[in-house]
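Undergrad: here is my input; please provide its structure:
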Amino acid sequence: MTSPIPTTLLAELGSLPIQGRAWPKAIAWLACVVVIGIGIRLVLTASGPHGQGVSPMIIAAIVMAYAGIIVMAWYMYHGQTSITEEGISQSWLFKRHIAWQDIRHAKFVPMLFSKRLICFPVRGRPVTFQGSDQDVQVAFARIALAYRHKA
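TA: Residues are numbered from 1 along each chain as shown. Reported below is the predicted structural model:
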């Protein structure tokens with residue numbers, strides 16, 4: 001029976017679990033500032049002459065959309081990426097998880113503000129994980145290298 005995680009990768013990763021922030025703090029703070037700015041703009045518009053004749057249905061839709069933006073910013077600030085013996089997971093709106101045995105191919109994408117690992121499963125859609133901490137980024141690169149040579 002094969003191990004769910006390649007043994008060479010397990011040795012390279014070192015002690016598990018590896019955990020870290022999904023998004024850099026600066027990006028998460030910027031998202032919070034943008035959400036606050038949008039909220040201030042909504043309040044100013046709603047209290048002004050342009051907001052007086054707006055339909056209650058439109059107001060409800062705007063409030064619900066704004067609540068969705070707040071939830072996304074909250075998860076962006078508090079999101080964590082974990083690499084364990086079982087696989088990779090990330091707390092997000094919907095928890096992302098992929099088991100080692102389900103990964104067919106992995107690609108490390110070093111973007112400007114957030115480094116990403118895109119895992120291509122045997123079946124289904126690719127799963128993308130963000131990592132802002134150095135330990136997580138190094139692990140992402142090692143995982144991508146191990147699964148590139150696996151196929």
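Undergrad: for the residue nearest the centre of the chain, give me its contacts.
TA: The residue lying closest to the centre of the chain (Cα atoms, centre = their mean) is Gln130, at 4.7 Å. By Cβ atoms under 8 Å, 6 or more residues apart in numbering, the residues touching Gln130 are 22-23, 79, 81, 90, 114-116. (Each C-beta comes from the backbone N, C-alpha and C, glycine too.)
Undergrad: give me the subset of those lying in strands.
TA: 81, 90, 115-116 (DSSP state E).
Undergrad: export these to CSV and tack on distance to Tyr75 and pLDDT?
TA: Shown next, in CSV, are the ones in strands among the contacts of Gln130 (distance: Cβ to Cβ, whole Å; pLDDT from 0 to 100):
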residue, distance to Tyr75, pLDDT
Thr81, 12, 94
Gln90, 10, 94
Lys115, 18, 90
Arg116, 16, 93
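Undergrad: most neighbours, which of those?
TA: With neighbours defined as other Cβ atoms under 10 Å, the most crowded of those is Thr81; it has 27 neighbours.
Undergrad: partners of that one in the sheet?
TA: On the basis of DSSP bridges, Thr81 is bridged to Gly20, Gln90.
Undergrad: distance check, Gly14 against Ala139.
TA: In this view, Gly14 and Ala139 are 9 Å apart by Cβ to Cβ, to the nearest Å.
Undergrad: more neighbours: which of those two?
TA: Legend: neighbour count by other Cβ under 10 Å for Gly14 and Ala139, higher for Ala139 (24 against 11).
Undergrad: helix or strand: which one has the more buried one?
TA: Here Ala139 sits within helix 134-150, counting by DSSP states H and E.
Undergrad: in that helix, what's buried?
TA: Buried residues in helix 134-150, defined by neighbour count with 16 or more other Cβ atoms under 10 Å: 136-144, 146-147.
Undergrad: ok, now stretch 115-132?
TA: Using 16+ other Cβ under 10 Å as the test for burial, stretch 115-132 gives 115-117, 119-121, 127, 129-132.
Undergrad: before we move on, what about stretch 74-93?
TA: The neighbour-count check on stretch 74-93 (16+ other Cβ under 10 Å) flags 75-77, 79-83, 86-90, 92 as buried.
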